[in-house]
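[1] next one to model:
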Amino acid sequence: MVERGKSKSIRKKISFIKSVKKLSKPNVFILNNRWDNSAYENEFLDKIRKQHMDRNVSFLVDELKVVSRSQAENRVFFVSAKEVLQARIQQQKGKPPHTGALADGFQARYFEFQEFERKFEECLSKSAVKTKFEQHTLRGKTVTSDLRKLLDNVHETASKLRAQKLALRKEQYDRLDFTQQQLSILTQEVKHEICHIVEMVEQKVSGALSEEIRRLSVHVDEFERPFHSDSLVLSVYKKELNSHVEQGLGSNLRGKLSNQVQMSVENAQKDMIDRMSSLIPPEHRPKMMNVLPRHSFEVLYRLNCESLCSDFQEDLEFRFSLGLVNIIKCFLGPSRSKKVLGKRMESIPWPVPSTPQTPSNEVQIVSPSPEYLALLKLALSSSSSQTAVGILAVGDFFLKTVGWRVIFATFGIYGLLYAYERLSWTNKAKERAFKKQYVNHTTRKLRLIVDLTSANCSHQVQQELSSTFARLCHLVDEVISDMQNEIGLLDQDTQKLEESSVSSRTLVEVYSIKLEHQAMPVTMTKYTPAQNTAWSIG
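    Below is the predicted model of the structure:
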């Protein structure tokens, strides 16, 4: 407001009062113009200035109520606009400003006008900034504050989730370590248990097979097929007998051992599943039922009697029980007769009784006197040229010793015995001899494979239990792999949450600094008076 005359000043005051009611916080400056006219009243200058100052301050504070009393004195200026205009015209012409002075005191009035321009410029700049950017600034503060709260929430949530992930990872890692340790311990225990079962099965199979070998004659006697000494018929007979013996032995072994072995294997498998189930989560336990085989385990007893008895050669020729060879064996015994007979003993089978010998039925062998031994050895070892001489010498010896009647009686009885045994050598007797020889031969062969057969059966049990345990271990390995993958995913999630927490914390600090800067006073920009020359009232 520029004061010039009293009437105009009153009208301007009324106009400003109306404007203030419509505007919020208007910027009002009061310029007391034409102050150069007061330069001629030096004795009353200060009093007049004070009167104008008091009146203007009262107007700003009491009537307009736009500023405080301390600020009001900075809004009242005493200037001469005409002098300033002339001074600046002179400046544009390159002359000093004081050449445009109209009265004394120009310098003070000129400086006060410059002070008005500076404050007016500052006020306009601040008002412009506040008018143009206040809403944006407030909105920015609100957005920044909301974003800071959001980032605080993100940081807090990320920290909580990270702590939960770390706790879950620790739990999974402990569970993984426990599972691996228990699997290692369980593996050793199952190995020992499998070895124990295998040894037990091997002992049982060995004992049962040995018992069946002792009863082999019973199986052979049960075989009823037409027997004939013809080579073709005998070949078929031996083949069927081998099959009968193999089936009988296998059937008896299965009857004695199958249930026990099967029960032992099934109990061991169930024990494995029960102990492994503690290492597998509930959702994977139904898969354990697929581990067990769909059919019951059964041991296969591979005896293959046909292959074992392929070298069996029967001897069905008639041999007189009181023949020369048998007599020599009876007198000398098996060991000493071999030395006398030499190579002949290799082609003659030594008879083995079909029933076990006891002291009551054992054949008693009487050692002959040295004279008989010398004569027999002499008779057998003589060459063909001395055979007749040897026979005559022996005959003469017996004739002089026992007499001719005893000799003829002995030969008569000997002939009758020979005739009886020769007539008794029927097809049935041949069959009995064949079976006896077969039993002796097969017994020797089967005893050679007792250990092999029992080891084969125990190996089958070991394979069955080992394969079951291997499938269970595969399930546990899948669970361990899943836990390792889950731990890897938890590590990735933890790393991402840590990065999110650090980033949100950094952004919160940045926005905090920005909010602090926004709370500081706004720096004013340069505002030239020429841009607002039309503003006499702000």
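
[2] can you pull out the helices in the stretch 201-350 of the chain?
    Listed in chain order, the helices of the stretch 201-350 of the chain (DSSP state H, counting those that start in this stretch) span 216-221, 231-277, 305-308, 324-341, 344-347.

[3] out of those helices, flag the one nearest Gln172.
    Comparing these against Gln172 with CB to CB, the closest turns out to be helix 231-277 (19.4 Å). C-betas here are computed from N, CA, C, even on glycine.

[4] centre of the chain to that closest one, how far?
    Relative to its parent chain, helix 231-277 has a centroid offset of 39 Å by CA atoms, centre = their mean, to the nearest Å.

[5] for it, name the packing helices and strands.
    helix 106-214, helix 216-221, helix 305-308, helix 427-448, helix 450-519 (3 or more CB pairs under 8 Å, 6 or more residues apart in numbering; DSSP states H and E).

[6] in TSV: the helices of the stretch 201-350 of the chain, plus mean neighbour count, mean pLDDT and distance to Ile10.
    Output for the helices of the stretch 201-350 of the chain, formatted as TSV (neighbours: other CB atoms under 10 Å; pLDDT from 0 to 100; distance: least, CB to CB, whole Å):
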stretch	mean neighbour count	mean pLDDT	distance to Ile10
helix 216-221	16	81	150
helix 231-277	16	85	105
helix 305-308	17	76	144
helix 324-341	15	60	167
helix 344-347	12	42	166
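
[7] between these, which gets nearest to Phe29?
    Per CB to CB, nearest to Phe29 of these: helix 231-277, 92.9 Å.

[8] okay, the angle between that closest one and helix 450-519?
    Angle between the axes of helix 231-277 and helix 450-519 is 30 degrees (criterion: axes from the mean of the first three to the mean of the last three CA atoms, to 10 degrees).

[9] thinking again about what came up before, how about the helices of the stretch 201-350 of the chain in JSON lines, adding distance to Arg444?
    Shown next, in JSON lines, are those (distance: least, CB to CB, whole Å):
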{"stretch": "helix 216-221", "distance to Arg444": "11"}
{"stretch": "helix 231-277", "distance to Arg444": "14"}
{"stretch": "helix 305-308", "distance to Arg444": "10"}
{"stretch": "helix 324-341", "distance to Arg444": "17"}
{"stretch": "helix 344-347", "distance to Arg444": "17"}
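
[10] closest to Ala101 out of the ones you listed?
    Among the helices of the stretch 201-350 of the chain, helix 231-277 sits nearest to Ala101 (CB to CB), with 111.4 Å.

[11] relative to helix 106-214, how tilted is the closest one?
    150 degrees.

[12] list the contacts of Phe113.
    By CB atoms under 8 Å, 6 or more residues apart in numbering, Phe113 lies in contact with Phe77, Val79, Ser80, Ala81, Val84.

[13] swap in 7 Å and give it another go.
    Val79, Val84 (CB atoms under 7 Å, 6 or more residues apart in numbering).

[14] least confident of the helices and strands packed on helix 231-277, on average?
    When these are ranked by mean pLDDT, helix 305-308 comes last with a mean of 76.

[15] now do it: which elements does it pack against?
    helix 231-277, helix 427-448 (3 or more CB pairs under 7 Å, 6 or more residues apart in numbering; DSSP states H and E).

[16] please repeat the previous calculation with a cut-off of 6 Å.
    helix 231-277 (3 or more CB pairs under 6 Å, 6 or more residues apart in numbering; DSSP states H and E).

[17] picking that back up, save the helices and strands packed on helix 231-277 as a markdown table, and put in distance to Arg11 too.
    Rendered in a markdown table, the data for those read as follows (distance: least, CB to CB, whole Å):
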| stretch | distance to Arg11 |
| --- | --- |
| helix 106-214 | 22 |
| helix 216-221 | 148 |
| helix 305-308 | 142 |
| helix 427-448 | 144 |
| helix 450-519 | 43 |
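
[18] out of those helices, which gets nearest to Leu45?
    With CB to CB as the measure, helix 106-214 is the member of the helices and strands packed on helix 231-277 nearest Leu45 (10.7 Å).

[19] quick one: distance of that closest one to the chain centre.
    25 Å.

[20] tell me the mean pLDDT for the helix or strand harbouring Lys13?
    Of the helices and strands defined by DSSP states H and E, Lys13 is found in helix 6-22. Averaging pLDDT along helix 6-22 yields 69.

[21] past that helix, which element shows up next along the chain?
    strand 30-32.

[22] buried sites along the following helix or strand past that next one?
    The helix or strand immediately downstream of strand 30-32 is helix 45-58, counting by DSSP H and E. Neighbour counts over helix 45-58 (16 or more other CB atoms under 10 Å) mark His52, Met53, Asn56, Val57 as buried.

[23] which of those residues lies closest to Arg169?
    Ranked by distance to Arg169 (CB to CB), the buried residues of helix 45-58 are led by Val57 at 74.3 Å.

[24] is it true that that closest one touches Ala72?
    Yes - using CB atoms under 6 Å, Val57 makes contact with Ala72 at a distance of 4.3 Å.

[25] if we can go back for a sec, between the helices and strands packed on helix 231-277, which gets nearest to Leu253?
    Leu253 lies closest to helix 106-214 among these, at 5.6 Å (CB to CB).

[26] of the helices and strands packed on helix 231-277, which is nearest Lys270?
    So among the helices and strands packed on helix 231-277, helix 450-519 is nearest, using CB to CB, at 10.0 Å.

[27] what packs against that closest one?
    For helix 450-519, the elements it packs on are helix 106-214, helix 231-277, judged by 3+ CB pairs under 6 Å, 6+ apart.

[28] now that helix, how far from the centre of its chain.
    Using CA atoms, centre = their mean, the offset of helix 450-519 from its chain centre is 7 Å.

[29] do stretch 295-302 as well
    34 Å.

[30] that stretch: which residues count as buried?
    Result for stretch 295-302 [16+ other CB under 10 Å]: buried residues Phe297, Val299, Tyr301.

[31] can you list those in TSV and add distance to Ser500 and pLDDT?
    Formatted as TSV, those follow (distance: CB to CB, whole Å; pLDDT from 0 to 100):
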residue	distance to Ser500	pLDDT
Phe297	57	78
Val299	63	80
Tyr301	69	78
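
[32] doesn't Asn74 fall inside a strand?
    No - counting by DSSP: H, G, I helix; E, B strand; the rest coil, Asn74 is not part of a strand but helix.

[33] leaving out chain neighbours, which residue sits closest to it?
    Lys119 (6.6 Å; CB to CB, 6 or more residues apart in numbering).

[34] so that neighbour versus Val67, what's the distance?
    Relative to Val67, Lys119 is positioned 12 Å away (CB to CB, to the nearest Å).

[35] what do you get for Ser145?
    Distance from Ser145 to Val67, by CB to CB: 31 Å.

[36] what do you get for Arg55?
    Noted for Arg55: a distance of 15 Å to Val67, by CB to CB.

[37] cool, and Gln114?
    21 Å.

[38] over to Ala429?
    153 Å.

[39] who has more neighbours out of these two?
    Val67 (17 against 13; other CB atoms under 10 Å).

[40] is it fair to say that one lies in a strand?
    No - checked against three-state DSSP, Val67 lies outside a strand; its state is coil.

[41] how about it, what does it touch?
    Residues counted as contacts of Val67 (CB atoms under 6 Å, 6 or more residues apart in numbering) are Leu60.

[42] phi first, then psi, for it.
    phi -140, psi 170 (degrees, to the nearest 10).

[43] what comes into contact with stretch 235-253?
    Ala208, Glu212, His219, Phe223, Arg225, Tyr301, Leu303, Cys305, Glu306, Cys309.

[44] biggest separation within those residues, which pair?
    Ala208 and Arg225 (26.8 Å).

[45] the more surrounded of these two?
    For Ala208 versus Arg225, neighbours defined as other CB under 10 Å are more numerous around Ala208 (22 against 12).

[46] which residue packs closest to the more buried one, ignoring adjacent ones?
    The nearest residue in space to Ala208 (CB to CB, 6+ apart) is Lys256, at 4.9 Å.

[47] from memory that neighbour sits against Leu209, does it?
    No - if you go by CB under 6 Å, Lys256 and Leu209 don't touch, sitting 9.6 Å apart.
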